[in-house]
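K.L.:
Could you work out the structure for the sequence below:
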Amino acid sequence: MFTGLIQQVGRLEQISFQGEAGHLILSARFDAPLQIGESVAINGACLTLVEQHGDQMVFDVLRETFDKTSLRDKATGAPLNLERALRVGDSLGGHLVSGHVDGTGELRRVETAGRDKVLAISAPPLMPEIVPKGSIAVDGISLTVVGVNPADGLFSVHVIPHTWAQTALSSLSPGARVNLETDMIGKYVRKMAAADSAPRVTWDKLRDAGFLS
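P.N.:
Okay, here's the model as predicted:
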(Lines give C-alpha, C1' and ligand atoms only; values in the text may rest on other atoms or scores of the structure.)
Protein backbone atom coordinates (compact mmCIF):
# COMPACT_ATOMS: atom_id res chain seq x y z
CA MET A 1 0.00 0.00 0.00
CA PHE A 2 1.21 3.50 -0.87
CA THR A 3 0.13 7.13 -0.43
CA GLY A 4 1.05 8.72 -3.74
CA LEU A 5 3.66 11.00 -2.13
CA ILE A 6 6.86 10.60 -4.13
CA GLN A 7 9.99 10.12 -2.01
CA GLN A 8 12.70 9.99 -4.66
CA VAL A 9 13.16 10.31 -8.41
CA GLY A 10 15.30 7.48 -9.76
CA ARG A 11 17.04 6.97 -13.08
CA LEU A 12 16.19 4.06 -15.38
CA GLU A 13 19.26 1.99 -16.21
CA GLN A 14 17.82 -1.01 -18.03
CA ILE A 15 14.76 -3.18 -18.68
CA SER A 16 15.39 -6.74 -19.88
CA PHE A 17 13.21 -9.81 -20.46
CA GLN A 18 13.49 -13.54 -20.83
CA GLY A 19 10.11 -14.94 -21.80
CA GLU A 20 7.30 -13.61 -19.60
CA ALA A 21 9.47 -12.17 -16.82
CA GLY A 22 12.31 -9.73 -16.62
CA HIS A 23 14.18 -7.17 -14.59
CA LEU A 24 14.01 -3.41 -14.27
CA ILE A 25 17.23 -1.78 -13.09
CA LEU A 26 17.33 1.78 -11.76
CA SER A 27 19.60 3.96 -9.69
CA ALA A 28 18.39 5.97 -6.69
CA ARG A 29 19.43 6.80 -3.16
CA PHE A 30 17.03 6.64 -0.22
CA ASP A 31 17.75 8.03 3.26
CA ALA A 32 17.21 4.58 4.80
CA PRO A 33 18.48 1.41 3.06
CA LEU A 34 15.93 -0.71 1.21
CA GLN A 35 15.48 -4.38 2.08
CA ILE A 36 15.47 -7.24 -0.40
CA GLY A 37 11.85 -8.27 -0.99
CA GLU A 38 10.58 -4.76 -0.30
CA SER A 39 7.82 -3.31 -2.47
CA VAL A 40 8.43 -0.01 -4.23
CA ALA A 41 6.01 1.90 -6.45
CA ILE A 42 7.82 2.83 -9.67
CA ASN A 43 5.78 5.39 -11.59
CA GLY A 44 2.82 3.98 -9.70
CA ALA A 45 3.47 0.29 -10.46
CA CYS A 46 4.28 -1.87 -7.42
CA LEU A 47 7.45 -3.92 -8.02
CA THR A 48 9.60 -6.09 -5.74
CA LEU A 49 13.27 -5.38 -5.02
CA VAL A 50 15.36 -8.52 -5.67
CA GLU A 51 18.92 -7.17 -5.77
CA GLN A 52 20.76 -4.08 -4.58
CA HIS A 53 24.29 -2.96 -5.40
CA GLY A 54 25.00 0.44 -3.89
CA ASP A 55 22.65 2.93 -5.56
CA GLN A 56 21.65 0.38 -8.21
CA MET A 57 18.45 -1.57 -7.60
CA VAL A 58 17.02 -4.53 -9.49
CA PHE A 59 13.27 -5.26 -9.53
CA ASP A 60 11.31 -8.22 -10.86
CA VAL A 61 8.76 -7.23 -13.49
CA LEU A 62 6.22 -9.36 -15.35
CA ARG A 63 5.70 -8.82 -19.06
CA GLU A 64 2.02 -8.12 -18.35
CA THR A 65 3.06 -5.21 -16.13
CA PHE A 66 5.44 -4.01 -18.82
CA ASP A 67 2.78 -4.29 -21.53
CA LYS A 68 -0.02 -2.63 -19.56
CA THR A 69 1.86 0.33 -18.11
CA SER A 70 3.86 3.22 -19.52
CA LEU A 71 7.13 1.64 -18.31
CA ARG A 72 7.68 0.21 -21.78
CA ASP A 73 7.87 3.76 -23.16
CA LYS A 74 10.82 4.70 -20.97
CA ALA A 75 14.34 4.94 -22.38
CA THR A 76 17.60 4.58 -20.49
CA GLY A 77 18.13 7.64 -18.31
CA ALA A 78 14.43 8.41 -17.93
CA PRO A 79 13.40 9.75 -14.49
CA LEU A 80 11.06 7.52 -12.48
CA ASN A 81 8.86 8.40 -9.49
CA LEU A 82 9.62 6.19 -6.48
CA GLU A 83 7.73 5.54 -3.26
CA ARG A 84 8.41 2.89 -0.64
CA ALA A 85 5.47 0.92 0.74
CA LEU A 86 3.46 2.50 3.55
CA ARG A 87 4.30 1.25 7.06
CA VAL A 88 1.86 1.04 9.95
CA GLY A 89 2.00 4.37 11.75
CA ASP A 90 3.21 6.37 8.74
CA SER A 91 1.43 9.59 7.90
CA LEU A 92 -1.17 9.21 5.14
CA GLY A 93 -0.67 12.53 3.40
CA GLY A 94 -1.98 11.60 -0.04
CA HIS A 95 -4.61 8.89 -0.54
CA LEU A 96 -4.65 5.09 -0.47
CA VAL A 97 -2.83 3.79 -3.55
CA SER A 98 -2.43 0.06 -4.21
CA GLY A 99 0.28 0.21 -6.85
CA HIS A 100 -1.93 -1.76 -9.25
CA VAL A 101 -2.21 0.41 -12.35
CA ASP A 102 -5.72 0.48 -13.84
CA GLY A 103 -4.56 1.67 -17.24
CA THR A 104 -2.68 4.39 -19.04
CA GLY A 105 -3.72 7.83 -20.21
CA GLU A 106 -2.27 10.22 -22.74
CA LEU A 107 -1.06 13.64 -21.69
CA ARG A 108 -2.80 16.06 -24.05
CA ARG A 109 -1.90 19.51 -22.71
CA VAL A 110 0.22 21.20 -20.08
CA GLU A 111 -0.99 24.70 -19.23
CA THR A 112 -0.18 27.26 -16.54
CA ALA A 113 -2.65 28.60 -13.98
CA GLY A 114 -0.94 31.05 -11.67
CA ARG A 115 2.00 29.15 -10.18
CA ASP A 116 0.45 25.74 -10.90
CA LYS A 117 0.59 23.48 -13.91
CA VAL A 118 -2.67 22.09 -15.29
CA LEU A 119 -2.44 18.70 -16.98
CA ALA A 120 -5.20 17.54 -19.34
CA ILE A 121 -5.14 13.76 -19.69
CA SER A 122 -7.12 11.54 -22.04
CA ALA A 123 -8.32 8.23 -20.57
CA PRO A 124 -11.73 7.24 -22.07
CA PRO A 125 -11.86 3.68 -20.60
CA LEU A 126 -11.35 4.97 -17.05
CA MET A 127 -13.74 7.93 -17.15
CA PRO A 128 -16.57 6.14 -15.26
CA GLU A 129 -14.25 5.93 -12.23
CA ILE A 130 -12.96 9.51 -12.38
CA VAL A 131 -15.00 12.18 -10.61
CA PRO A 132 -14.42 15.89 -9.88
CA LYS A 133 -12.64 16.45 -6.55
CA GLY A 134 -11.83 12.74 -6.42
CA SER A 135 -8.35 11.31 -6.00
CA ILE A 136 -6.23 9.79 -8.75
CA ALA A 137 -2.63 8.59 -8.98
CA VAL A 138 -0.80 9.83 -12.08
CA ASP A 139 2.54 8.04 -12.50
CA GLY A 140 2.24 7.22 -8.81
CA ILE A 141 1.55 10.81 -7.69
CA SER A 142 -1.53 11.51 -5.57
CA LEU A 143 -3.49 14.29 -7.28
CA THR A 144 -7.01 15.72 -7.10
CA VAL A 145 -9.24 15.72 -10.17
CA VAL A 146 -10.36 19.29 -10.87
CA GLY A 147 -12.20 18.84 -14.14
CA VAL A 148 -13.93 15.99 -15.99
CA ASN A 149 -15.15 15.98 -19.59
CA PRO A 150 -16.71 12.54 -20.20
CA ALA A 151 -17.71 13.40 -23.78
CA ASP A 152 -14.08 13.94 -24.78
CA GLY A 153 -12.68 11.34 -22.40
CA LEU A 154 -10.56 13.99 -20.68
CA PHE A 155 -9.85 14.94 -17.09
CA SER A 156 -7.55 17.58 -15.62
CA VAL A 157 -5.40 17.90 -12.52
CA HIS A 158 -3.51 20.81 -10.96
CA VAL A 159 0.12 20.29 -9.99
CA ILE A 160 1.68 22.64 -7.44
CA PRO A 161 5.24 23.94 -8.01
CA HIS A 162 6.77 21.65 -5.37
CA THR A 163 5.30 18.51 -6.96
CA TRP A 164 6.27 19.68 -10.44
CA ALA A 165 9.87 20.27 -9.35
CA GLN A 166 10.29 17.17 -7.16
CA THR A 167 8.80 14.49 -9.43
CA ALA A 168 9.28 13.23 -12.97
CA LEU A 169 6.14 15.02 -14.24
CA SER A 170 8.21 17.94 -15.51
CA SER A 171 9.98 15.60 -17.96
CA LEU A 172 6.73 14.75 -19.79
CA SER A 173 5.53 16.32 -23.02
CA PRO A 174 2.11 16.15 -24.72
CA GLY A 175 1.65 12.71 -26.23
CA ALA A 176 3.38 10.91 -23.36
CA ARG A 177 1.58 8.02 -21.69
CA VAL A 178 1.10 8.05 -17.93
CA ASN A 179 0.12 5.31 -15.49
CA LEU A 180 -3.26 5.85 -13.84
CA GLU A 181 -4.80 4.34 -10.73
CA THR A 182 -8.26 5.57 -9.86
CA ASP A 183 -9.55 5.99 -6.32
CA MET A 184 -9.58 2.65 -4.50
CA ILE A 185 -12.60 3.38 -2.34
CA GLY A 186 -14.52 4.77 -5.29
CA LYS A 187 -13.97 1.55 -7.26
CA TYR A 188 -15.49 -0.57 -4.49
CA VAL A 189 -18.45 1.77 -4.10
CA ARG A 190 -19.10 1.70 -7.86
CA LYS A 191 -18.90 -2.10 -7.95
CA MET A 192 -21.29 -2.48 -5.05
CA ALA A 193 -23.73 0.03 -6.54
CA ALA A 194 -23.71 -1.82 -9.87
CA ALA A 195 -24.22 -5.28 -8.35
CA ASP A 196 -27.58 -6.95 -8.95
CA SER A 197 -27.84 -7.63 -5.23
CA ALA A 198 -27.32 -3.98 -4.28
CA PRO A 199 -30.34 -2.58 -2.40
CA ARG A 200 -32.38 -0.16 -4.48
CA VAL A 201 -32.84 3.36 -3.13
CA THR A 202 -36.44 4.48 -3.49
CA TRP A 203 -38.38 7.55 -2.35
CA ASP A 204 -40.25 5.34 0.15
CA LYS A 205 -37.02 4.04 1.67
CA LEU A 206 -35.65 7.58 1.97
CA ARG A 207 -38.91 8.70 3.59
CA ASP A 208 -38.91 5.75 6.01
CA ALA A 209 -35.29 6.53 6.96
CA GLY A 210 -36.23 10.10 7.82
CA PHE A 211 -34.51 11.84 4.92
CA LEU A 212 -37.83 13.11 3.53
CA SER A 213 -40.84 14.54 5.31
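K.L.:
tell me the mean pLDDT for stretch 160-169?
P.N.:
Stretch 160-169 comes out with an average pLDDT of 97.
K.L.:
Check stretch 185-198 too.
P.N.:
Rounded mean pLDDT across stretch 185-198 is 72.
K.L.:
Domain map for the chain?
P.N.:
8-84, 103-194 (automatic domain parsing).
K.L.:
With mean neighbour count and distance to Phe211 as extra columns, can I get those in a markdown table?
P.N.:
For the C-beta atoms, the positions are set from N, CA and C on the backbone; glycine is no exception. Shown next, in a markdown table, are the domains of the chain (neighbours: other C-beta atoms under 10 Å; distance: least, C-beta to C-beta, whole Å):
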| stretch | mean neighbour count | distance to Phe211 |
| --- | --- | --- |
| domain 8-84 | 16 | 39 |
| domain 103-194 | 17 | 18 |
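K.L.:
quick one: low-confidence parts of this structure?
P.N.:
Scanning the chain with the threshold set as pLDDT under 70 gives 195-199, 213.
K.L.:
Which stretches in it count as helices?
P.N.:
63-68, 161-166, 184-194, 203-208 (DSSP state H).
K.L.:
Return the list of helices and strands in contact with the second one.
P.N.:
Just to be clear, that refers to helix 161-166. Helices and strands touching helix 161-166, as assessed by 3 or more C-beta pairs under 8 Å, 6 or more residues apart in numbering; DSSP states H and E, are absent.
K.L.:
neighbouring contacts of it?
P.N.:
For helix 161-166, the external contacting residues (C-beta atoms under 8 Å, 6 or more residues apart in numbering) are Ile6, Val9, Arg115, Asp116, Lys117, Ile141, Leu143, Leu169, Ser170.
K.L.:
got a list of contacts for stretch 145-155?
P.N.:
108, 118, 120-124, 127, 130-136, 156-158.
K.L.:
where do the strands sit along this protein?
P.N.:
Under the criterion DSSP state E, the chain contains strands at 8-18, 21-27, 39-42, 45-53, 56-62, 79-84, 103-113, 116-122, 135-138, 141-149, 154-159, 177-182.
K.L.:
Give me the distance between the two termini of stretch 191-209.
P.N.:
Taking C-alpha to C-alpha, to the nearest Å, stretch 191-209 runs 24 Å from one end to the other.
K.L.:
Begin at 16 from now on, thanks
P.N.:
All set: I'll call the first residue 16, so the last point we hit is now stretch 206-224.
K.L.:
gap between it and the chain center?
P.N.:
Distance, stretch centre to chain centre, for stretch 206-224: 32 Å (C-alpha atoms, centre = their mean, to the nearest Å).
K.L.:
hang on, the earlier thing: among the strands of the chain, which is nearest Gly225?
P.N.:
strand 150-153 (31.0 Å; C-beta to C-beta).
K.L.:
hmm, who's touching that closest one?
P.N.:
19, 59, 109-110, 112, 120, 134, 136, 145, 157-160, 170, 172, 184, 193-198, 201.
K.L.:
what lines up beside it in the sheet?
P.N.:
strand 156-164 (antiparallel), strand 192-197 (antiparallel) (DSSP bridges).
K.L.:
could you dump these to a markdown table with distance to His177?
P.N.:
As requested, the strands paired with strand 150-153 are arranged in a markdown table below (distance: least, C-beta to C-beta, whole Å):
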| stretch | distance to His177 |
| --- | --- |
| strand 156-164 | 11 |
| strand 192-197 | 19 |
